[in-house]
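# Dropping the sequence and predicted coords here.
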Amino acid sequence: MLILGIGGWLHDGAAALLKDGRLVAAMEEDKLRRQAHPGGLPERAVDGCLSVISATREDVDCVAIARPVGSGADPSRHLRLKTQFPKSRLVVIDHHVAHAASAFYPSPFDKARVVTLDRVGDMRCGALWDAGGTRIEAIEELYAPDSPADFYSRVTQLLGYRAGAEEHKVQWIGQNGKPRFRDLFLEILGGGAERPALDQSYFDASRPTAGGFSDRFYGGIDLEHGGKLSGQDRADIAASVQSAVEDTVVRFAGEGENLCLGGGLMLNAPLVSALENSGKYNNVWVQPAAGNAGTSIGCAFYAWHQTCRKTEWHPLDNLFLGPEYDREDIKKVLENCKLRFSYLTTDEAVIDTAVKRLNDNQIVAWFQGRMEFGSRALGNRSILASPLNPYSTENLNDYIKHREPFRKFAASVPEELASEYFDCTESARFLASISHVKEEHRKTFEAALLGGDRIRVHVVRRADNPLYWELLQAAGRASGLPVLYNTSFNLFGERLVNNPRAAVRSFFASGIDTMIAGNFLLDK
């Protein structure tokens with residue numbers, strides 16, 4: 001049985017494919033197009049998922065789509081879908097139901113409380129769910145404008161970033177700030193009530209820019225409307241909104257044994273960490289692709305359990321769910337671009353070459369296996385550097401990624417050795433939370449610290465990514481440190497590279513020293 005899930009019909013479009021209840025593929029349209037998805041059916045993502053198992057649209061048994069799917073009724077849309085998937089049953093699923101399904105069904109739990117939060121959704125901007133077996137039931141709902149995520153986005157715009165696109169910058173810039181406006185922001189979010197309810201007197205609809213805040217808000221932060229924020233003000237405002245939203249969400253989540261998290265706000269790693277450390281739940285699992293793209297996974301699982309009445313349970317194994325390119329695919333691109341390259345005949349040669357380059361303080365682009373689903377690089381589309389390289393952070397931020405210095409890099413470490421260096425949770429497998437460096441190793445990872453002893457850690461299981469795991473182990477044997485800095489293989493705000501041509505373009509448009517694509521080695 002093939003079930004195709006479609007999410008992000010209006011933006012961040014993605015597709016996910018279940019085969020007999022197992023997730024076999026998931027892809028985002030933006031990555032495949034190398035440009036923003038204009039809306040509608042994510043055609044390339046759909047066909048990419050089907051190509052993984054050599055299937056066609058005629059082979060699909062069920063197509064499940066997350067709302068919203070457009071403005072107003074359009075009966076022709078249903079007809080077009082039936083034409084493209086002639087043997088399929090079509091199912092349309094509420095936006096937050098899809099978020100909840102994406103959070104619970106792939107989790108390791110058979111019973112859990114689920115929290116979903118985003119900016120708008122389909123009018124519903126959040127919900128608290130009770131889930132068990134195949135059942136998911138809403139027990140508390142939030143509707144726009146009472147959205148903690150929307151408030152976070154307004155503050156993002158106030159700080160000069162793009163709402164809906166650059167909230168991640170706010171979570172990182174706030175790591176070194178002081179939450180001196182926390183009490184004000186808590187008041188705006190509902191004054192400490194269990195259910196968020198935004199105080200609209202702090203907003204002014206006649207001001208469409210800078211978050212749309214009212215004079216009452218500006219009085220609270222002691223700033224004139226349109227006034228310039230200092231660097232410290234920006235960091236403190238970011239720290240304040242982060243702290244206030246964390247407190248609000250922890251209260252909304254309540255307490256229990258198991259907690260699952262979904263919705264765009266749960267892409268906020270410090271928030272996930274706050275929920276993990278709240279003491280309210282024994283176990284916390286977050287959907288790694290928690291935003292709109294992840295609703296494609298939720299739709300597919302929801303259709304499997306609810307529409308098709310299947311009870312077989314298959315938790316998420318890993319996120320390497322995208323396209324893969326073989327030796328001939330890569331070689332063809334390199335030859336068409338008239339590039340000089342070397343061919344490394346074995347995996348051992350690939351690893352040995354990468355380790356030598358890294359120990360020589362080079363920056364290495366690493367293009368291997370299937371592309372990751374979601375916004376985070378997990379060792380298949382990564383840019384790597386050694387933490388022992390004294391210029392790694394400067395080179396990565398200034399000369400390659402061209403981004404702000406407060407945006408730090410993740411530290412990848414084999415699962416078996418992680419506890420020697422870090423204190424981290426299960427969420428570190430997917431870079432979904434914040435970890436801590438052991439005191440004796442703090443100096444080693446100083447360049448990657450977010451403030452204090454906090455750091456982003458990526459724990460690598462051998463079963464998830466054997467080649468990357470072997471690379472980390474080899475790095476440890478060669479240098480004494482089995483840890484590499486890992487950041488996404490992309491430039492200038494583009495999406496993660498997908499195919500060999502995009503990898504070549506990014507390699508030669510950057511200050512990266514070496515690229516290893518499959519078994520092919522390129523130097524500058």
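Thanks, I have the structure now. Numbering: from 1, shown residues only.

# all contacts plus neighbour counts: C-alpha atoms, from now on.
Noted.

# ok, now which ones touch Asp523?
Phe341, Asp513, Thr514, Met515 (Cα atoms under 8 Å, 6 or more residues apart in numbering).

# again, only this time at 10 Å
Leu339, Arg340, Phe341, Ser342, Val364, Phe507, Phe508, Ile512, Asp513, Thr514, Met515, Ile516 (Cα atoms under 10 Å, 6 or more residues apart in numbering).

# Ile330 versus that one, what's the distance?
For Asp523, the distance to Ile330 (Cα to Cα, to the nearest Å) stands at 15 Å.

# and if you look at Pro323?
Pro323 is 13 Å from Ile330, by Cα to Cα.

# For the two, list the residues in contact with both.
In contact with both Pro323 and Ile330: Asn499, using Cα under 10 Å, 6+ apart.

# Check which residues of stretch 360-371 are buried.
Residues of stretch 360-371 classed as buried by neighbour count (16 or more other Cα atoms under 10 Å): Asn361, Gln362, Ile363, Val364, Ala365, Trp366, Phe367, Gln368, Gly369, Arg370, Met371.

# do the same with stretch 475-495
Going by neighbour count (16+ other Cα under 10 Å), the buried part of stretch 475-495 is 475-476, 481-491, 495.

# Mind putting those residues into JSON lines with distance to Asp150?
What follows is those, written out as JSON lines (distance: Cα to Cα, whole Å):
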{"residue": "Ala475", "distance to Asp150": "43"}
{"residue": "Gly476", "distance to Asp150": "44"}
{"residue": "Leu481", "distance to Asp150": "42"}
{"residue": "Pro482", "distance to Asp150": "40"}
{"residue": "Val483", "distance to Asp150": "37"}
{"residue": "Leu484", "distance to Asp150": "35"}
{"residue": "Tyr485", "distance to Asp150": "32"}
{"residue": "Asn486", "distance to Asp150": "30"}
{"residue": "Thr487", "distance to Asp150": "28"}
{"residue": "Ser488", "distance to Asp150": "27"}
{"residue": "Phe489", "distance to Asp150": "29"}
{"residue": "Asn490", "distance to Asp150": "27"}
{"residue": "Leu491", "distance to Asp150": "28"}
{"residue": "Arg495", "distance to Asp150": "23"}
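
# which of the residues you listed lies closest to Ala290?
Ala290 lies nearest to Arg495 out of the buried residues of stretch 475-495, by Cα to Cα, at 16.6 Å.

# where's the residue nearest to the closest one when sequence neighbours are not counted, which helix or strand?
In space, and not counting its chain neighbours, Arg495 is closest to Lys31: 5.6 Å by Cα to Cα, 6 or more residues apart in numbering. Using DSSP states H and E, the element containing Lys31 is helix 29-33.

# And the helix or strand hosting Leu261, what does it pack against?
Assigned by DSSP H and E, Leu261 belongs to strand 256-262. Contacts defined by 3 or more Cα pairs under 10 Å, 6 or more residues apart in numbering; DSSP states H and E place strand 256-262 against helix 95-104, strand 111-122, strand 124-132, helix 231-253, helix 269-276, strand 281-286.

# and those, which is most packed in?
Most buried of the helices and strands packed on strand 256-262 by mean neighbour count (mean count of other Cα atoms under 10 Å) is helix 95-104; its value is a mean of 31.

# Work out the gap between that helix and the centre of the chain.
Computed by Cα atoms, centre = their mean, to the nearest Å, the chain-centroid distance of helix 95-104 equals 16 Å.

# quick one, that helix and strand 256-262 angle?
120 degrees (axes from the mean of the first three to the mean of the last three Cα atoms, to 10 degrees).

# before we move on, back to that, from the buried residues of stretch 475-495, which land in helices?
Judged by DSSP state H, the subset of the buried residues of stretch 475-495 located in helices is Ala475, Gly476.

# Run through the residues that contact the residue nearest to Arg495.
Lys31 sits in contact with 12-14, 37, 44-45, 322, 371, 373-375, 494-499, 502, where contact means Cα under 10 Å, 6+ apart.

# Of those, which belong to strands?
Counting by DSSP state E, the contacts of Lys31 place Ala14 in strands.

# And the contacts of Lys31, which of them are buried?
For the contacts of Lys31, a burial check counting by 16+ other Cα under 10 Å picks out 12-14, 37, 44-45, 322, 371, 373-375, 495-499, 502.

# Which secondary structure element is home to the closest residue to Ala478 other than its chain neighbours?
Nearest non-adjacent residue to Ala478, counting by Cα to Cα, 6+ apart: Val355, 7.5 Å away. Using DSSP H and E, Val355 sits in helix 347-359.

# How is the protein divided into domains?
2-97+294-307, 107-286, 327-523 (automatic domain parsing).

# Ends of the second one, what's the gap?
For domain 107-286, the first and last residues are 8 Å from each other (Cα to Cα).

# cool, and the shortest one?
Using Cα to Cα, one end of domain 2-97+294-307 lies 13 Å from the other.

# Thr209 - how many residues pack around it?
13 (other Cα atoms under 10 Å).

# Same question for Glu312.
Neighbours around Glu312, by other Cα under 10 Å: 12.

# And Thr345, by the same measure?
Around Thr345 there are 10 other residues, counting by other Cα under 10 Å.

# Please apply the same query to Glu372.
Neighbours of Glu372 using other Cα under 10 Å come to 24.

# which residues touch it?
Taking Cα under 10 Å, 6+ apart, we find Glu372 in contact with 26-28, 318-323, 378-381, 496-498.

# tilt between the strand holding Leu261 and helix 231-253?
Using the same axes, to 10 degrees: strand 256-262 against helix 231-253 is 130 degrees.

# was I right about Asp122 contacting His95?
Yes. Counting by Cα atoms under 10 Å, His95 is a contact partner of Asp122 at 5.9 Å.

# can you list residues touching both of those two?
Counting by Cα under 10 Å, 6+ apart, the residues touching both Asp122 and His95 are Ala66, Arg67, Pro68, Val69.

# distance of the closest residue to Leu117 other than its chain neighbours from His441?
Using Cα to Cα, 6+ apart and skipping the chain neighbours, the partner closest in space to Leu117 is Gly126 (4.2 Å). Gly126 is 40 Å from His441, where distance means Cα to Cα.

# Next: Phe409.
Taking Cα to Cα, one finds Phe409 at 16 Å from His441.

# Next: Gln242.
Using Cα to Cα, one obtains 27 Å as the distance from Gln242 to His441.

# cool, Val120 as well?
In terms of Cα to Cα, Val120 sits 42 Å off from His441.

# can you map out the strands along the stretch 51-200 of the chain?
Using DSSP state E, counting those that start in this stretch, the strands of the stretch 51-200 of the chain run over 62-66, 89-93, 111-122, 124-132, 135-143.

# Kindly state which of those strands is positioned closest to Phe301.
Per Cα to Cα, nearest to Phe301 of the strands of the stretch 51-200 of the chain: strand 62-66, 9.2 Å.

# Check which residues of the helix holding Lys31 are buried.
Buried, per 16+ other Cα under 10 Å, within helix 29-33: Glu29, Asp30, Lys31, Leu32.

# Please apply the same query to stretch 173-180.
So stretch 173-180, judged by 16+ other Cα under 10 Å, has buried residues Ile173, Gly174, Gln175, Asn176, Gly177, Lys178, Pro179, Arg180.

# Pull the residues that contact it.
185, 221, 231-244, 270, 404-407, 449-452, 454.

# Could you single out the nearest of the buried residues of stretch 360-371 to Arg80?
Looking across the buried residues of stretch 360-371 and measuring by Cα to Cα, the closest to Arg80 is Met371, at 29.7 Å.

# Noted, bye for now.
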